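J.: no sequence for this one, just the structure:
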């Protein structure tokens, strides 16, 4: 048995002298390059999270990457865009949605209202989601509201239902199905098409500034496996690592250095290998905590990681149908 797998099953970190182990990264302590702004998403269970959003300055205005879930997040993004300089108009002119999860597209209607000329780019996967996963989720929300109309979470359930019922406002104006280098707002960006966190993930690279927006292909404190296809996710991470970037901004969590992404990839690979083995679920969880330790600097993050993996390992990695994945986009094969 490979030494790496033995370490996972034992729930221990890779030895420091293992030649295959990546260098432990320093925490990203610097500022993002000029012309790039980050709005961190909030994750405070039991409230549903917001994903991270980014703003990239262009001659025509701002390009936004993801719009969050809650109105407060979208309004904060609009306010952040208003803090402009003479070179960048205050308007958000382009929005790229990384994927169809509500914590990344839920703010689309508010941004469309604020900026009527906004152009939205995304994969076509939102159509199947609205007819399938999100339709089922909406029905669950309606049932919960009917059964518990006075529950403390009722207002959140109603707001979540309204986000799904926004329908067309969540859909893109321009569909991206494969890698494209595009002029958006007067600057060139590379948009990559992948699959992994969902059945239609997009990432965005600003080569000039060295910033890679990864969406939920990278998330902390753990991979978000709700609608994931792990078999497609691994090559998607490999493609991210092949890009020329200095800073990677994940869909959730703080920015990472290139070395940080390598730590994440190794921990991800070992988590999947453990989940595919007879090892106890607790060993797989311990293995992630140990392998991803440089990216989980405080006990609160480690505790949240344990709670999330306690659900994801049996429900998303070890279920009999966990391997039923939609084919990845052609560019990702």
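T.: Nice, thanks for sending it over. Only a predicted model underlies this, so the values are computations on that prediction, with no experimental measurement involved.

J.: doesn't residue 209 fall inside a strand?
T.: No - counting by DSSP: H, G, I helix; E, B strand; the rest coil, residue 209 is not found in a strand; it is coil.

J.: All further residue positions should be reported with the first residue as 811.
T.: That works, and once the first residue is 811, the last one we named lands at residue 1019.

J.: and the residue nearest to it when sequence neighbours are not counted, what does it touch?
T.: Using C-beta to C-beta, 6 or more residues apart in numbering and skipping residues adjacent in sequence, the residue nearest residue 1019 is residue 843, 4.2 Å away. All C-beta atoms are positioned from the backbone trio N, CA, C, and that covers glycine. Contacts of residue 843 were listed using C-beta atoms under 8 Å, 6 or more residues apart in numbering, and they are 1019-1021, 1057.

J.: ditto for residue 1124
T.: Residues near residue 1124 by C-beta under 8 Å, 6+ apart: residue 1091.

J.: So it: helix, strand or coil?
T.: Assigned with three-state DSSP, residue 1124 falls in the helix class.

J.: For it, give its distance to residue 949.
T.: For residue 1124, the distance to residue 949 equals 24 Å [C-beta to C-beta, to the nearest Å].

J.: So for the chain, the centremost residue is which one?
T.: The C-alpha lying nearest the average C-alpha coordinate of the chain belongs to residue 1026 (C-alpha atoms, centre = their mean; 1.8 Å).

J.: Report the secondary structure state of that residue.
T.: Per three-state DSSP, residue 1026 ends up strand.

J.: so it makes contact with residue 1034?
T.: Yes - counting by C-beta atoms under 8 Å, residue 1026 touches residue 1034, with 5.4 Å between them.

J.: Now for the two: what residues contact both?
T.: Joint contacts of residue 1026 and residue 1034 (C-beta under 8 Å, 6+ apart) are 1007, 1061-1062.

J.: So among these, where is pLDDT lowest?
T.: Model confidence across the shared contacts of residue 1026 and residue 1034 bottoms out at residue 1007, which has 83.

J.: what about that one, how many residues close to it?
T.: 28 (other C-beta atoms under 10 Å).

J.: Report the spatially nearest residue to it, omitting neighbours in sequence.
T.: Residue 1007 sits nearest to residue 1026 (C-beta to C-beta, 6+ apart), 3.7 Å away.

J.: who's in contact with that neighbour?
T.: If you count contacts by C-beta under 8 Å, 6+ apart, residue 1026 has them with 861, 908-909, 911, 914, 1007-1008, 1011, 1034, 1060-1062.

J.: Need those residues in JSON lines (columns: secondary structure and distance to residue 1096).
T.: Shown next, in JSON lines, are the contacts of residue 1026 (DSSP: H, G, I helix; E, B strand; the rest coil; distance: C-beta to C-beta, whole Å):
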{"residue": "861", "secondary structure": "coil", "distance to residue 1096": "27"}
{"residue": "908", "secondary structure": "coil", "distance to residue 1096": "30"}
{"residue": "909", "secondary structure": "coil", "distance to residue 1096": "29"}
{"residue": "911", "secondary structure": "coil", "distance to residue 1096": "28"}
{"residue": "914", "secondary structure": "helix", "distance to residue 1096": "30"}
{"residue": "1007", "secondary structure": "coil", "distance to residue 1096": "24"}
{"residue": "1008", "secondary structure": "coil", "distance to residue 1096": "28"}
{"residue": "1011", "secondary structure": "strand", "distance to residue 1096": "28"}
{"residue": "1034", "secondary structure": "coil", "distance to residue 1096": "20"}
{"residue": "1060", "secondary structure": "strand", "distance to residue 1096": "23"}
{"residue": "1061", "secondary structure": "strand", "distance to residue 1096": "25"}
{"residue": "1062", "secondary structure": "strand", "distance to residue 1096": "22"}
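
J.: Now compare those residues and name the two farthest from each other.
T.: Within the contacts of residue 1026, two members stand farthest from each other by C-beta to C-beta: 1008 and 1060, at 14.8 Å.

J.: neighbour count winner among the two?
T.: Shown here are residue 1008 and residue 1060; by other C-beta under 10 Å, residue 1008 has more neighbours (30 against 25).

J.: After the host helix or strand of residue 954, which helix or strand is next?
T.: Using DSSP states H and E, residue 954 falls within helix 943-957. Downstream of helix 943-957, the next assigned helix or strand under DSSP H and E is helix 964-975.

J.: ok, then the element right after that following helix?
T.: Sequence-wise, the next helix or strand downstream of helix 964-975 (DSSP H and E) is strand 984-985.

J.: that older thread, tell me the one among the contacts of residue 1026 nearest to residue 971.
T.: residue 911 (15.6 Å).

J.: Tally up the residues packed near that closest one, please.
T.: Neighbour count for residue 911, taken as other C-beta under 10 Å: 26.

J.: List phi and psi for it.
T.: Per-residue torsions, residue 911: phi -60, psi 140 (degrees, to the nearest 10).

J.: What separation do you get for it and residue 960?
T.: Distance, residue 911 to residue 960, by C-beta to C-beta: 28 Å.

J.: what does residue 885 give?
T.: Per C-beta to C-beta, residue 885 is found 28 Å from residue 960.

J.: higher neighbour count, these two?
T.: More crowded of residue 885 and residue 960, by other C-beta under 10 Å: residue 885, with 15 against 5.
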